[in-house]
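A.B. asks: Give me the fold of what follows.
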Amino acid sequence: MTQLPGVSYVMPVLNEAAYLEEAVGSILGQEYSGEKELVLALGPSTDASNDVAERLADADARITLVHNPLGRTPIGLNLAIKASTMPIVVRVDAHSELPSNYTRRGIETLFRANAHDVGGLMDAKGRTAVQRGIAAAYHSKFGFGGPAYHSGAPEGPAESAYLGIFRREVFDEVGFYNEELWRAQDWELCLRIRQAGHTVWFDPELKVGYYPRDNFKSLMSQSMASGTWRAEIARRFPEGKSLRHDVPPLLLLGVATGLAATVIEPLVRQDVPPQVRVALNLAKAVPAMYAAIALAAGLASNATGLRDKLLATCAFPAIHLPWAVGYLKGRIFGASGTVDKGRVK
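C.D. replies: All right, here's what the predicted structure looks like:
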């Protein structure tokens, strides 16, 4: 590349007042000499997010604001992309901080790999003890399992990409984000990119600082919404179904059965055959086994200090079990109308 291409950063914003200014600073402070612009799609926030955004836009002409009255992520992304002008489109998140070399490295990878979408690693981190524990669970393979952008993988072609660095022309070819998918819209867009014969690429050197939810109630709400929309993807697209998606529902069944057996077994142990007592005792062991595995995973996580490791242990069931409930709900009833109640006030 003899001349560095201009970059349009696009960011949906909803109730992100505590994180927005740092996220914007990490974007506009990129060590990249090509032209930059940032388009913020402002949803109906109930905190001071829009005030922060307006102050930032007043101070820097590179920032453009568009309004997203419904507050849905795919709608905001589409509005921002259509309002942007540069040949490279970089999706960013108000809960994220870009390392200073992110844009330069991402665009180099985009052309080196002849890809149309490049993503990297979600480098979860925390400001508080609870958030640090949740971040450690994000990094653990026990937390999220397969996705490379959580726990890492070698560089190469990928099914989907975290955030995404795009060639603008790919939107002209395959279309914009699907506005029916309030979550998991990244995966569906990547599917269309791959179906068009283009490459989606994972580069583990692209590490994006990400602040996850900072309390367990919000984490559980987020996990349930994520599971519901992942089920919607599985309903709509055969390619969206993976065997690993069956593990949390099986875990939920095992834990629920074990808890029920714990209550029932003392009441019926004198009145049932020995085989039934054995089955009930085996079922009773499942919750304890899961707790032991979660504890082992928490202690083995990258959290520092015993307190944060124990908080990571608590984060695993707050991720797995609500996700499983959401997934079952989505498979049976679909995901229409499902929102992350930990984010939408």
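A.B. asks: distance of Trp201 from Val208?
C.D. replies: As defined by CB to CB, to the nearest Å, Trp201 lies at a distance of 15 Å from Val208. Using the backbone N, CA and C atoms, a C-beta is placed for each residue, glycine as well.
A.B. asks: Ok, Phe144 next?
C.D. replies: Distance, Phe144 to Val208, using CB to CB: 15 Å.
A.B. asks: now do Gly305
C.D. replies: When distance is defined by CB to CB, Gly305 is 24 Å away from Val208.
A.B. asks: what do you get for Asn78?
C.D. replies: Asn78 is 21 Å from Val208, by CB to CB.
A.B. asks: Likewise for Gly337?
C.D. replies: In terms of CB to CB, Gly337 sits 30 Å off from Val208.
A.B. asks: Which of those two has more residues huddled nearby?
C.D. replies: Val208 (23 against 8; other CB atoms under 10 Å).
A.B. asks: Phi first, then psi, for the more buried one.
C.D. replies: The phi/psi pair for Val208 (degrees, to the nearest 10) reads phi -100, psi 120.
A.B. asks: residues touching Asp135, list them.
C.D. replies: Not quite, residue 135 is Ala, not Asp. Contact analysis of Ala135 by CB atoms under 8 Å, 6 or more residues apart in numbering lists Ala124, Lys125, Gly126, Tyr210, Tyr211, Pro212, Ala303.
A.B. asks: Just confirm the fourth one contacts Asp93, I think it does.
C.D. replies: Going back to what we said before, that points to Tyr210. Yes - counting by CB atoms under 8 Å, Tyr210 does reach Asp93; the two are 7.2 Å apart.
A.B. asks: all strands for the stretch 151-300 of the chain, in order.
C.D. replies: 156-157, 165-167, 200-210 (DSSP state E, counting those that start in this stretch).
A.B. asks: Give the residue spans of this structure that score low on pLDDT.
C.D. replies: 1-2, 145-152, 341-345 (pLDDT under 70).
A.B. asks: picking that back up, would you turn the strands of the stretch 151-300 of the chain into JSON lines with distance to Met220?
C.D. replies: Converted to JSON lines, these look like this (distance: least, CB to CB, whole Å):
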{"stretch": "strand 156-157", "distance to Met220": "33"}
{"stretch": "strand 165-167", "distance to Met220": "31"}
{"stretch": "strand 200-210", "distance to Met220": "18"}
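A.B. asks: Select, out of the ones you listed, the one closest to Phe216.
C.D. replies: Nearest to Phe216, of all these, is strand 200-210, at 17.6 Å by CB to CB.
A.B. asks: For the residue nearest to Gly209 when sequence neighbours are not counted, the count of nearby residues, please.
C.D. replies: Closest residue to Gly209 apart from its sequence neighbours, by CB to CB, 6 or more residues apart in numbering: Glu97 at 3.9 Å. Residues near Glu97, counting by other CB under 10 Å, number 21.
A.B. asks: returning to that earlier point: tell me which of the strands of the stretch 151-300 of the chain is the most buried.
C.D. replies: Ranked by mean neighbour count, the strands of the stretch 151-300 of the chain are led by strand 165-167 with a mean of 25 (mean count of other CB atoms under 10 Å).
A.B. asks: For Gly119, list each beta-bridge partner.
C.D. replies: Gly119 has these beta-bridge partners by DSSP bridges: Phe202.
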